[in-house]
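Sequence and predicted structure below; questions after.
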Amino acid sequence: MHARILSVARKKPADGSKRWSCRKLAAHLGVSKGMVHWEWKEAGLKPHQIELYLASNDPDFESKAADIIGLYLNPPQHAAVFCVDEMTAFWALDRLDPVLPLSPGRTERHGVKYYRHGTLWLYAALDAQSGKVLGKTATRHTSQEFVEFLTEVVERAPAREVHIILDNLSAHKSQVAREFLAAHPNVHFQFTPTYSSWLNQLDIWFSKVERDVIAHGIFTSVKDLARKLRCYINADSANDEPIQWKNSDPTRRIRSNIVSTTCR
């Protein structure tokens, strides 16, 4: 029965549902729900969970990934390495009903109705060696805005040679961006392989911003959203430290040592 429980659990149910539950599989096999649960736990089967992945189709994936990881682990001497990206337009949402605050025995509650005040973009550059983040909010996204932000990053760079890790967004490869590179021969772009944004460490920081500021946030205006983002960036920079990837288990993806911070 042990082998049968595991074998059937790895197949789709015949009733058209997407996956088995302990109760459904137990009824199908004529055993107790507790037995199914125990067998799944012992075998590490979790039919109720899924993980998403996106495989890169870049033929030069290995060489590009090696170049980027090399910049993190062994950057050129006297050079600065920045991860640069944009957080795409997100709404400044304001709840129409009062927020019911957190209290013992009750979670914080938000009304389902909301008002959209407008959208905002966040440009950011992460210094891979110090962990410090330079951020800039904008109400639009253009190649010119991107290059203006890059100019500010390069001017603040502590080294003459600057390596910038980017994804393959069209604004990063526009004519304006190429002209910027021509005017700054000390700046080098390193593009991540396609569908491999996880190689850009700034994506880890963006996930923090989404979790700590944007998700469930209440913003009375676009300016209020921009102010709270600046507050968060300033507080985060005061406790900056470089992201260190760890890989204690080669069967799992690399994780970071980054810790969430809050700003009120």
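That came through fine. Since the model is a prediction, treat every value here as computed from it, not as a measurement. Numbers count the residues shown, from 1 in each chain.

what residues are up against Glu108?
Counting by CB atoms under 8 Å, 6 or more residues apart in numbering, Glu108 touches 99-102. C-beta here means a position set from N, CA and C on the backbone, and glycine is covered the same way.

Ser174 reaches Ser143, doesn't it?
Yes. If you go by CB atoms under 8 Å, Ser174 and Ser143 touch, sitting 4.0 Å apart.

Please say which of those two ends up with more neighbours.
Neighbour comparison, Ser174 and Ser143: the larger count goes to Ser143, with 19 against 16 (by other CB atoms under 10 Å).

distance of the more buried one from Arg19?
Here the criterion is CB to CB, to the nearest Å. By it, Ser143 lies 45 Å from Arg19.

ok so, going back, format the contacts of Glu108 as JSON lines; extra columns: pLDDT, distance to Asp58 and neighbour count.
Below are the contacts of Glu108 laid out as JSON lines (pLDDT from 0 to 100; distance: CB to CB, whole Å; neighbours: other CB atoms under 10 Å):
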{"residue": "Val99", "pLDDT": "87", "distance to Asp58": "45", "neighbour count": "12"}
{"residue": "Leu100", "pLDDT": "88", "distance to Asp58": "48", "neighbour count": "12"}
{"residue": "Pro101", "pLDDT": "88", "distance to Asp58": "48", "neighbour count": "9"}
{"residue": "Leu102", "pLDDT": "88", "distance to Asp58": "45", "neighbour count": "9"}
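
which among these gets closest to Arg10?
Of all the contacts of Glu108, the one with the least separation from Arg10 (CB to CB) is Leu102, at 41.5 Å.

Ramachandran angles for the closest one?
Backbone torsions of Leu102, given as degrees, to the nearest 10, read phi -60, psi 140.

And for Gly131?
phi 80, psi 0.

who touches it in this structure?
240-243.

Helices of the stretch 1-150 of the chain, residue ranges please.
Secondary structure of the stretch 1-150 of the chain by DSSP state H, counting those that start in this stretch: the helices cover 2-9, 22-29, 33-43, 61-73, 143-156.

partners of the lengthiest strand in the chain, with directions?
Using DSSP state E, we find that the single longest strand of the chain is strand 79-95. Looking at strand 79-95 with DSSP bridges, its partner strands are strand 114-127 (antiparallel), strand 161-166 (parallel).

These: which one's closest to Ile218?
strand 114-127 (8.7 Å).

Please identify the buried residues of that closest one?
By neighbour count on 16 or more other CB atoms under 10 Å, the buried set for strand 114-127 is 117, 120-127.

Quick one: distance of it to the chain centre.
Centroid separation between strand 114-127 and its chain, computed with CA atoms, centre = their mean, to the nearest Å, is 14 Å.

With only the CA atoms kept, save that strand in CSV.
The C-alpha trace of strand 114-127 is given here as CSV (Å, rounded to 0.1, in the frame of the first residue of the first chain):
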residue,chain,number,x,y,z
TYR,A,114,-10.0,51.6,-3.3
TYR,A,115,-9.1,54.7,-5.3
ARG,A,116,-6.3,54.9,-7.8
HIS,A,117,-4.4,58.1,-7.5
GLY,A,118,-1.9,57.3,-10.3
THR,A,119,1.3,55.4,-11.0
LEU,A,120,4.9,55.7,-10.1
TRP,A,121,8.2,54.2,-11.3
LEU,A,122,11.2,53.5,-9.1
TYR,A,123,14.7,53.5,-10.5
ALA,A,124,17.3,52.0,-8.3
ALA,A,125,21.0,51.1,-8.3
LEU,A,126,22.5,48.6,-5.8
ASP,A,127,26.2,48.9,-5.0
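
What average pLDDT does it get?
Strand 114-127 shows a mean pLDDT of 91 in the predicted model.
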